[in-house]
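Undergrad: Could you look at this predicted model? Sequence included:
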Amino acid sequence: MHDVVSPTLEKNGLLAALHPHDREIFARAARIVRIAGGSVLYEPGDQVTAAFFPLGEAVASFMVVLEDGSSVETAMVGREGAIGGIVSTGHLASYSRACVMHGGYFARIDSNALEDLKNRAPGIRDLLSRYADCLLAQIFQSVACNAVHGLDQRAAKWLIVAVDRTGSNRVAMTQEHFGALLGIARSYASRLIQRFKRDGLLETRRGALIVTDPDGLRHRACGCEQLVRNHFEQVLRGVYPPPVTSDEPPSFNA
């Protein structure tokens, strides 16, 4: 991780929604860092000593680690949210693994500093409490989705969520990693990707999946993402990233 100064806090929807005065005092307590894809922010049992707010295309995931060492994603967090001790008080142990799926810039703030800001600025406390409600809704919806929807629908939904979070048609991910996120073997993930390629929904590059038809993929997906988007709009209007459409030129930025 390296300190940088170029990105602005407004590249995170939550921080952009703050009153300018609250955002200014947040900026004095935070620092902007660049974190590479694949980096682990917390392992299960680690003390959560800082919160991370993805800026721009940066995306992190919460992964539940199972008894055999495998892991399954439970929530993806991008420019609409934050990771780590958002509403808790003090340093608490992490339940899941938090890792960076798509590298980029994050606003990092120590847990003690964030707790002090919540005590001094009711606007910050209220915003983060409302975000915690939205994140819980996202996890609830993920549980229901995994229980009732087919793999093709869930895979299409996951890809659309990744595209909307990053604002790019390029999802930096191997087929093996894609399968692990969905809890399936690499061979099954490969067959699934081949079906999507055959239907003109995506292409593959070395270490990446390129979504070529976001609208078509959105049509293939279940409706869970829209339900989550609707709840965000009710609780945190304007914070959730806009959907990428097939009319937009594809972005292949790393």
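TA: Thanks, I have it. Numbering: from 1, shown residues only.

Undergrad: Every contact and neighbour count from this point should use C-alpha atoms.
TA: Noted.

Undergrad: mind checking how far residue 130 is from residue 19?
TA: Computed as CA to CA, to the nearest Å, the residue 130 to residue 19 distance reads 15 Å.

Undergrad: Now do the helices in the stretch 151-254 of the chain.
TA: Residue ranges of the helices in the stretch 151-254 of the chain, as given by DSSP state H, counting those that start in this stretch, are 151-166, 175-182, 186-198, 214-220, 224-235.

Undergrad: In contact with the residue nearest to the spatial centre of the chain: list those residues for me.
TA: The residue lying closest to the centre of the chain (CA atoms, centre = their mean) is residue 77, at 2.0 Å. Residue 77 makes contact with 54, 59, 60, 61, 62, 83, 165, according to CA atoms under 8 Å, 6 or more residues apart in numbering.

Undergrad: and stretch 25-42, which residues are buried?
TA: By neighbour count with 16 or more other CA atoms under 10 Å, stretch 25-42 contains the buried residues 26, 27, 30, 31, 32, 33, 34, 35, 36, 37, 41, 42.

Undergrad: start to end distance for it?
TA: Using CA to CA, the end-to-end distance of stretch 25-42 comes out at 26 Å.

Undergrad: quick thing: my sequence starts at 842, can you match it?
TA: Got it, first residue is 842 now, which makes that one stretch 866-883.

Undergrad: low-confidence ranges in this structure?
TA: Scanning the chain for pLDDT under 70 picks out the ranges 842-847, 928-932, 1088-1095.

Undergrad: which residue sits closest to residue 898, ignoring its sequence neighbours?
TA: Of all residues not flanking residue 898 in the chain, residue 1007 sits nearest, at 4.0 Å (CA to CA, 6 or more residues apart in numbering).

Undergrad: okay but the one you found is in contact with residue 901, surely?
TA: No. If you go by CA atoms under 8 Å, residue 1007 and residue 901 don't touch, sitting 10.6 Å apart.

Undergrad: three-state assignment of the residue nearest to the residue nearest to the centre of the chain when sequence neighbours are not counted?
TA: Leaving aside its sequence neighbours, residue 918 sits nearest to residue 901 (CA to CA, 6+ apart; 5.3 Å). Classification of residue 901 by DSSP: H, G, I helix; E, B strand; the rest coil places it in strand.

Undergrad: repeat for the one 4 residues further on
TA: Under the three-state scheme (three-state DSSP), the conformation of residue 905 reads as strand.

Undergrad: before we move on, the earlier item: give me every residue that touches the residue nearest to residue 918.
TA: By CA under 8 Å, 6+ apart, residue 901 lies in contact with 895, 917, 918, 919, 924, 939, 940, 941, 942, 943.

Undergrad: List the residues that are in contact with both of residue 1007 and residue 901.
TA: Residues touching both residue 1007 and residue 901 by CA under 8 Å, 6+ apart: 919, 943.

Undergrad: picking up where we left off before, just name the most buried of the helices of the stretch 992-1095 of the chain.
TA: Mean neighbours per residue, mean count of other CA atoms under 10 Å, is largest over the helices of the stretch 992-1095 of the chain for helix 992-1007, with a mean of 22.

Undergrad: Distance from the chain centre to that helix, please.
TA: 11 Å (CA atoms, centre = their mean, to the nearest Å).

Undergrad: again with stretch 1062-1079
TA: Worked out by CA atoms, centre = their mean, stretch 1062-1079 lies 14 Å from the chain centre.

Undergrad: Same check on stretch 938-952?
TA: Distance, stretch centre to chain centre, for stretch 938-952: 10 Å (CA atoms, centre = their mean).

Undergrad: How about stretch 1076-1088?
TA: Mean-position distance between stretch 1076-1088 and its chain equals 13 Å (CA atoms, centre = their mean).

Undergrad: So which bits of it are buried?
TA: Within stretch 1076-1088, the residues that count as buried by 16+ other CA under 10 Å are 1077, 1080, 1081, 1082, 1084, 1085, 1086.

Undergrad: Brilliant, that's me finished.
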